[in-house]
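Student: Predicted model follows, preceded by the sequence.
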Number of protein chains: 2
Amino acid sequence: MKNVKIPEVAVSRLSVYSRFLTQIEKSGVVRISSGEIAAGTGGTPAQVRKDLAYFGEFGTRGVGYNVAELNKEICNILGIGKKWRVILVGAGNLGSALTQYAGFKSRGFDIEAVFDNDLNKVGLRLNDTPVMAINRIYDYVVENKIDIAIIAVPDKHAQDIADLLVTSGIKGILNFAPVTLNIPEDVQVRNVDLAVNLEILSFNIVVNNKE
Amino acid sequence: MKNVKIPEVAVSRLSVYSRFLTQIEKSGVVRISSGEIAAGTGGTPAQVRKDLAYFGEFGTRGVGYNVAELNKEICNILGIGKKWRVILVGAGNLGSALTQYAGFKSRGFDIEAVFDNDLNKVGLRLNDTPVMAINRIYDYVVENKIDIAIIAVPDKHAQDIADLLVTSGIKGILNFAPVTLNIPEDVQVRNVDLAVNLEILSFNIVVNNKE
DNA sequence: TTTTTTTATTATAATTAGTAAAAATTAGGG
DNA sequence: CCCTAATTTTTACTAATTATAATAAAAAAA
């Protein structure tokens, strides 16, 4: 493996390229140029090529890229299709939305169990996914070798859940609680803060109107 | 206003600082240093200071920052407390979760109406927010001077909704549909792609395990 | 064969982050 | 009450990262 650090923004763009390519592939297009990828994903051709160049040579000069082939490569790079084992903690509104979210399943991230501390929910199914008690997380993760956990619990419980998950050997956490989690370095974390996005938008609107 | 471009990552960090300060303020802390802010938000002291320095001098040398004062400044910078008028398009699972999302309301972003094309939902209330028909969006945005719209509709409808919103004079769009929207430059857009985050996580796990 | 298209690679520029030095404030000791 | 030491921000500078542009190479078309 190449020993250059890959910028995280580049990785996130790869993900977007892949989504675009999947869509394009369905519509029967076989070959595509960096310019077309850029147009479809809101970037520049140079950046598309640069992002891909981090990982290898996937195109043919004078021709472009083979859609299916390139998409396969990107999926490999991103670790999609590895059949990650994923659980969700928190069966609230957001949790419920996430179990339904088509974008997860279609990309190989299938939530197989939901955990909640509300005993009225335990034993039921949330959009066809079984709901279990929080105190069963540890055993479940260990026994089923769960890779990734999605945290969608209220702020104040997030760190406790995270600690529990870390102890049980989870590899990655996607955190929707708007708090900064304290997690050991070898466990990967991504924070999705919905309010932050709205606030950046707000800032941009204000700046834009001032100019 | 200063004429230096502010990095978007800096803005997003400001948002996180503010959230942290709000929390700290509640617990009665009056003064705080950049180091403490960094520790609480997962950054470095230098970066905290740098981010703040883009906008002015908020601290006192040898002392630190006044928690309440600094938070107020950041909120001003981000445009929080401006009482943005926000609507949501799409009353599905995700939409439902978003109307409930505490992080929005507590930061001044109160969703005042929801729009959906399912006539069975129209006229009802989604978590206390009225649901209206899609074809009323234009008039509603114009008449009520709506600032921001949140798009939480299926992919294939997202661009149409966006076009409609743009025509009606919206200032900003928070897009949850995993597609690249075509929007004029003077309208601000933020894309929140949940699957992308999971894929970056996946990539990081793979890379981490290889090392 | 020559021109056009398009990628890969290298080089340059721009942006962003980090470091170190300077300045200001507080607090303690003489 | 003044001086010194400790703390912490501000500012200027340096380093690292990321993006853009330019160039070279390969393939296809004319």
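Tutor: Good, I have the coordinates. Numbering: from 1, shown residues only, chains lettered A, B, ... in the order given.

Student: Isn't A:Gly59 up against A:Val67?
Tutor: No: A:Gly59 is beyond contact range of A:Val67, at 11.1 Å (criterion: CB atoms under 8 Å). Bear in mind the C-beta positions are built from the backbone N, C-alpha and C, glycine included.

Student: which helices and strands does the lowest-mean-pLDDT helix or strand in chain A pack with?
Tutor: Sorting the helices and strands of chain A by mean pLDDT, DSSP states H and E puts helix A:102-105 at the bottom, at a mean of 90. If you count contacts as 3 or more CB pairs under 8 Å, 6 or more residues apart in numbering or on different chains; DSSP states H and E, helix A:102-105 packs onto strand A:109-116, helix B:194-210.

Student: Now with 7 Å, please.
Tutor: helix B:194-210 (3 or more CB pairs under 7 Å, 6 or more residues apart in numbering or on different chains; DSSP states H and E).

Student: Do any residues in the helix it packs on lie close to DNA strand D?
Tutor: No: taking CB under 7 Å from any atom of the strand as the criterion, helix B:194-210 and DNA strand D are apart, separated by no less than 12.7 Å.

Student: Ok, stretch A:13-27 next?
Tutor: No: residues of stretch A:13-27 are not located near DNA strand D by CB under 7 Å from any atom of the strand, the shortest gap being 7.8 Å.

Student: Mind listing residues that contact that stretch?
Tutor: Applying CB atoms under 7 Å, 6 or more residues apart in numbering or on different chains, the external contacts of stretch A:13-27 come out as A:32, A:37, A:40-41, A:43, A:48, A:51, A:67-68, A:70-71, A:74-75, A:77-78, B:178, B:196, B:199-200.

Student: Mind checking which of these are buried?
Tutor: Buried subset of the contacts of stretch A:13-27 (neighbour count, 16 or more other CB atoms under 10 Å in any protein chain shown): A:32, A:37, A:40-41, A:43, A:48, A:51, A:67, A:70-71, A:74-75, A:77-78, B:178, B:196, B:199-200.

Student: Which ones among those lie within strands?
Tutor: Mapping the buried ones among the contacts of stretch A:13-27 onto strands (DSSP state E) picks out A:Ile32.

Student: Could you list which of the buried ones among the contacts of stretch A:13-27 also contact DNA strand C?
Tutor: Answer for these near DNA strand C (CB under 7 Å from any atom of the strand): A:Ile32.

Student: Return the subset of the buried ones among the contacts of stretch A:13-27 lying in helices.
Tutor: Residues of the buried ones among the contacts of stretch A:13-27 located in helices (DSSP state H): A:37, A:40-41, A:48, A:51, A:67, A:70-71, A:74-75, A:77-78, B:196, B:199-200.
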